[in-house]
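Would you be able to build a 3D model of this:
(chains A and B)
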Amino acid sequence: MSGGDFDADRADELTERYRAASAADPARPSDSVRESVFAYARTVVADQASRGVTSARTRRPAANDYSWRFSAAASVIVAVFATLLAWHFLTPAPVRDIGPSPAAAEVAASNQPATGSTVAGEPSAPLPVERGTSAAPAANAVAARSRERVNALPDARSRRHDAAADSGVADTSVASARQAPARIAAGSAAENATLSPAAAPPNLQARRSQALEAAASARAGAAANSPLVTAAESGDLERVEQLLRSGMNTEQTDARGRTALLVATRRGDATMVRRLLAAGARADVVDENGDTPLAAARRQGLPELVSLLEQATHP
Amino acid sequence: MLRFASGDVRAFEELYRRHELRVWRYLQRNLGNRAIADELMQDVWFSVARAARGYRPSARFTTWLLTLAHNRLVDAQRATRPHERLCTVTASANAPSLIEQLAADHRNEPPERAQSQQHAAAVLAAIERLPPEQRQAFLLHAEGELTLQEIAQATSTNFETAKSRLRYARSKLRQLLQEYA
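Below is the predicted model of the structure:
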């Protein structure tokens, strides 16, 4: 060794001097140590032989066995991978994806009847049944289907059809549904609305709430299409007669729970009221504001209608 | 070791005799106390006997054995009360008296032999005066014949630290021996 540089793994002159000095050192471990070590070794061997596990591998790694490091590293990698997978599949889609795109809203609005009872662009507004209509699906129809796949449950499809039936579009074909983005959005919303709280991730509450609103809106939209209410509101007695003859249910309501009788009463149309009462319309049906035809007639000071409705209510 | 693991006690005895002095000297020169060195020696070989069944020949047996010895040594030094270590250091600081004592013991020996023994005693005394980490590195290299990589492994340090300790140990030893000369 010269200066600060040296070959550390080479036995230099200093090492040789130490080895020579060490060899000349007469100090030795005591014999008792040797005897006790040998005795202990014999005990260990005898113990192993008595247990019959001399050649068996122990579960505990040896002091010089570093293979556990690879096992530990592999375990950590697997755990991280599993966590990433779980995070990827269990994290719900952002809530902002719930609403339809402007394109879907526009299509939905263009298909709305001119009743004014629903808000244009409402995501769950159903479309009139038009088989064979080939409207191009909006961009968010793909997104909606993608969300459906992500949130799919085993009976998701059947629930979606149930929801569609509830909203008055039971006779809508699958092909029509594929081509109607607003309906897909409504179906998806209704599907999400029917998910049980236990089955859905907890952070989907806001999303489910919006879906419930959308489903309710879908049902309301379906009722808004009630032709009897529409005809009564427009004063089209001929149309009302036609619908009543065809067996139309007189209790059908619009989005605000109004029956045709209530609408006709508010308009003060006594002829229409008589016809509806003759067809069996109930005068005690309450709309969403708690109003009845009789109350409306009294409020508006229509004694003739009051009399008619009272007779119908208390014959 | 593998033969002992399969139940051959003679193999263990042979192994012990082959490495006995190497381990004991490493312990004794670091501790400066023969009784404690005997105790640790026994403890180390008990550990060897217990671990034989699961031993994997993945590294040199000497490296593994001296790693066990080093770990026992560190444990013992940590368990030693501070004032005892201080006494040891103080005794080491007065090491020239040991050399003088050894030289005095050989006054009646032939001159060449006496001089050789004095040189040997001076080397050992210089070893005793090294800082603990440097002494361990030097002894693992000179007594255990470990490489720098093996020293780093045995002392749970990195290669550069082991290399640095060994370099300082040699420098210090050379300085001490020059003073003696």
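
all contacts plus neighbour counts: C-alpha atoms, from now on.
Fine.

and B:Val23, what element?
helix B:9-31 (DSSP states H and E).

Give the other helices and strands that that helix contacts.
Here helix B:9-31 is seen to pack against helix A:31-51, helix B:2-5, helix B:34-51, helix B:61-79, helix B:111-128, helix B:132-142 when contacts are counted using 3 or more Cα pairs under 8 Å, 6 or more residues apart in numbering or on different chains; DSSP states H and E.

cutoff 10 Å now
Under the contact criterion of 3 or more Cα pairs under 10 Å, 6 or more residues apart in numbering or on different chains; DSSP states H and E, the helices and strands touching helix B:9-31 comprise helix A:13-24, helix A:31-51, helix B:2-5, helix B:34-51, helix B:61-79, helix B:111-128, helix B:132-142.

And the second one, what does it pack against?
The reference is to helix A:31-51. Looks like helix A:31-51 contacts helix B:2-5, helix B:9-31, helix B:34-51 (3+ Cα pairs under 10 Å, 6+ apart).

Show the contacting residues for the residue nearest to B:His19 when sequence neighbours are not counted.
Here the nearest residue to B:His19 in space, its sequence neighbours aside, is B:Thr62; by Cα to Cα, 6 or more residues apart in numbering or on different chains that works out to 7.8 Å. Neighbouring residues of B:Thr62 by Cα atoms under 10 Å, 6 or more residues apart in numbering or on different chains: B:19, B:22-23, B:68, B:144-146, B:150.

Show the pLDDT at B:Thr62.
Listed pLDDT for B:Thr62 reads 90.

Pull the distance from stretch B:13-27 to the chain's centre.
Relative to the mean C-alpha coordinate of its chain, stretch B:13-27 is positioned 11 Å out (Cα atoms, centre = their mean, to the nearest Å).

mind saving the C-alpha coords of that stretch as PDB?
Extracted C-alpha coordinates of stretch B:13-27, given in PDB (Å, rounded to 0.1, in the frame of the first residue of the first chain):
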ATOM      1  CA  GLU B  13     -16.400 -31.400  15.100                       C
ATOM      2  CA  GLU B  14     -14.200 -31.100  12.000                       C
ATOM      3  CA  LEU B  15     -15.900 -27.900  11.100                       C
ATOM      4  CA  TYR B  16     -15.400 -26.500  14.500                       C
ATOM      5  CA  ARG B  17     -11.700 -27.300  14.600                       C
ATOM      6  CA  ARG B  18     -11.100 -25.800  11.200                       C
ATOM      7  CA  HIS B  19     -12.700 -22.500  12.200                       C
ATOM      8  CA  GLU B  20     -12.200 -22.400  15.900                       C
ATOM      9  CA  LEU B  21      -9.200 -20.100  16.100                       C
ATOM     10  CA  ARG B  22     -10.500 -17.800  13.400                       C
ATOM     11  CA  VAL B  23     -13.700 -17.100  15.300                       C
ATOM     12  CA  TRP B  24     -12.200 -17.000  18.700                       C
ATOM     13  CA  ARG B  25      -9.500 -14.600  17.800                       C
ATOM     14  CA  TYR B  26     -11.900 -12.300  16.100                       C
ATOM     15  CA  LEU B  27     -14.000 -12.200  19.300                       C
END
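
That one: which residues count as buried?
In terms of neighbour count (16 or more other Cα atoms under 10 Å in any protein chain shown), stretch B:13-27 has its buried residues at B:13, B:16, B:20-27.

which one of the helices and strands packed on helix A:31-51 lies closest to B:Gln118?
With Cα to Cα, the closest approach to B:Gln118 among these belongs to helix B:9-31: 17.4 Å.

Report the spatially nearest residue to B:Ala120, omitting neighbours in sequence.
Distances taken as Cα to Cα, 6+ apart put A:Ala21 closest to B:Ala120, at 4.2 Å, once the chain neighbours are dropped.

Next, the contact list for that neighbour, please.
With contact taken as Cα under 10 Å, 6+ apart, A:Ala21 is in contact with A:15, B:116-124.

Lowest pLDDT pick from those?
When those are compared, the smallest pLDDT is that of B:Ser116, 73.

give me the number of residues near it?
The local packing count at B:Ser116 equals 14, with neighbours defined by other Cα atoms under 10 Å in any protein chain shown.

What residue spans form the domains of chain A?
The record's domain parsing of chain A by automatic domain parsing lists A:95-224, A:227-313.

Mind checking the pLDDT average for the first one?
The reference is to domain A:95-224. Domain A:95-224 shows an average pLDDT of 45 in the prediction.

hang on, the earlier thing: where's the residue nearest to B:His19 relative to chain A, distance?
If you measure B:Thr62 against chain A using Cα to the nearest Cα, to the nearest Å, the figure is 11 Å.

How about B:Met41?
Taking Cα to the nearest Cα as the measure, B:Met41 and chain A are separated by 7 Å.
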